[in-house]
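Chemist: 3D, please:
(one chain, ligands or ions: 1)
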Amino acid sequence: MFYLIGLGLGDPKDITVKGLEIVKQCSRVYLEMYTSILGCPKEELEAFYGRPVLLADRDLVEQGADEILAGSAEEDVALLVVGDPFGATTHTDFILRAKEKKIPYKVIHNASIMNAIGCCGLQLYKFGETVSIPYWDETWKPDSFYDKIKLNRLHNMHTLCLLDIKVKEPTLESLMRGRKEYMPPRFMTVAEAAQQLLAIVDKKDALERNTILNDQSLCVGLARVGHDNQQIVVRTLRDMATTDMGGPLHSVVIPAKEMHPLEVEFLQQFAGTLKLEDYNH
Ligand SMILES: C[S@@+](CC[C@H](N)C(=O)[O-])C[C@H]1O[C@@H](n2cnc3c(N)ncnc32)[C@H](O)[C@@H]1O
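Modeler: Modelled structure (predicted):
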């Protein structure tokens, strides 16, 4: 049997009882490590499960699926995913491949950033399309995420912005010399995401800034949701661009223009001196 098992967002103990029982009986256990990151070293996970864990990077998950699935018709193999297996767009492909190969499979769910985001007090059923904010470089500055935020704002919906993760990024030198050397992993911060969003907003005309989003619009920053040191702050977009929220992972929410009074009351506890009542930017 092939198992796709969600680990939840916090420490190793967030795995479900069902998930843990399965991991303990599997002959091979892989940990997917590019759509999210684990808040502890792999060794801690191995000690807790009492079995070795093989790291599966993007290449292995996307091109080496056959290697992971190999033998799982006869023995139990698990792929562990931080959060929920369907909290990233990648893992449906695994299920399709297992089906194609007639390998029986089971999915064990867990909390995902897609629902734990409710911890900031914004109601889940008022979220519109989720966006991903990619790292910009000198020449590549995609901004289609802004259009989705705009649509959500027009429909009075909140936007969850997931932030880029770069693991196994080849160094320029290794690309030129054909060697395999990688840069240290990078995780986009709330401040970096706000800076990119500001760069887009600052170029819009006054009408768009007044009706859709401007530097005084509210922005919710969330760091390490589900961990003991989880942090939530509410700032203007301008102030968020210089707010340090510490270690990864980070997410941003751009709230709808009109919020329910309970949402406002809940968010206020994270807003410092900003008075959210009557805030309409
Ligand atoms: C592909 S998504 C989510 C993947 C995961 N499978 C899930 O269900 O949560 C990865 C992005 O979600 C956000 N994220 C994931 N875990 C987070 C956490 N604990 N706190 C804040 N943001 C988180 C980050 O923006 C990160 O770059």
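Chemist: S112: neighbour count?
Modeler: 22 (other Cβ atoms under 10 Å). Where you see a C-beta, it was placed from the backbone N, CA and C, and this is true even at glycine.
Chemist: The stretch 101-250 of the chain: strands as residue ranges?
Modeler: For the stretch 101-250 of the chain, strands defined by DSSP state E, counting those that start in this stretch occupy the ranges 105-108, 131-133, 159-163, 165-166, 186-187, 218-223, 231-236, 250-254.
Chemist: Flag every residue of this structure that's near the ligand.
Modeler: Contacts of the chain with the ligand, taken as Cβ under 6 Å from any ligand atom, map to 9, 35-36, 81-84, 87-88, 112-114, 162-163, 165, 222, 224-226, 249-251.
Chemist: Distance check, the residue in the chain sticking out farthest from the centre against D164.
Modeler: Distance from the C-alpha centroid of the chain, by Cα atoms, centre = their mean, peaks at E74 (33.4 Å). Distance of E74 to D164, computed by Cβ to Cβ, to the nearest Å: 39 Å.
Chemist: Spell out the secondary structure type for the residue farthest from the centre of the chain.
Modeler: Secondary structure, DSSP: H, G, I helix; E, B strand; the rest coil: E74 is coil.
Chemist: just to revisit the earlier point, would you mind giving the strands of the stretch 101-250 of the chain as TSV with mean neighbour count, mean pLDDT and distance to I95 added?
Modeler: Formatted as TSV, the strands of the stretch 101-250 of the chain follow (neighbours: other Cβ atoms under 10 Å; pLDDT from 0 to 100; distance: least, Cβ to Cβ, whole Å):
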stretch	mean neighbour count	mean pLDDT	distance to I95
strand 105-108	18	96	6
strand 131-133	19	98	21
strand 159-163	23	98	21
strand 165-166	16	91	22
strand 186-187	16	92	27
strand 218-223	24	98	29
strand 231-236	19	98	33
strand 250-254	24	98	25
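Chemist: who wins for proximity to V53 among those?
Modeler: strand 105-108 (15.9 Å; Cβ to Cβ).
Chemist: contacting residues around that closest one?
Modeler: For strand 105-108, the external contacting residues (Cβ atoms under 8 Å, 6 or more residues apart in numbering) are 1-6, 16, 18-19, 22, 85-86, 95, 98-99.
Chemist: Tell me how far the closest residue to K166 other than its chain neighbours lies from D84.
Modeler: The spatially closest residue to K166, leaving aside those adjacent along the chain, is R186, at 4.4 Å (Cβ to Cβ, 6 or more residues apart in numbering). Using Cβ to Cβ, R186 is found at 24 Å from D84.
Chemist: what's the answer for A98, then?
Modeler: 18 Å.
Chemist: So the two - more neighbours on which side?
Modeler: Taking neighbours as other Cβ under 10 Å, A98 and D84 compare with D84 leading, 25 against 22.
Chemist: Quick check: the closest residue to that one other than its chain neighbours vs P85, distance?
Modeler: Spatial nearest neighbour of D84, excluding adjacent residues (Cβ to Cβ, 6+ apart): S112 at 3.6 Å. Taking Cβ to Cβ as the measure, S112 falls 9 Å from P85.
Chemist: Report the set of residues contacting both of those two.
Modeler: Contacts common to S112 and P85, judged by Cβ under 8 Å, 6+ apart, are G6.
Chemist: By mean pLDDT, point me to the weakest helix or strand of this structure.
Modeler: helix 58-63 (a mean of 75; mean pLDDT, DSSP states H and E).
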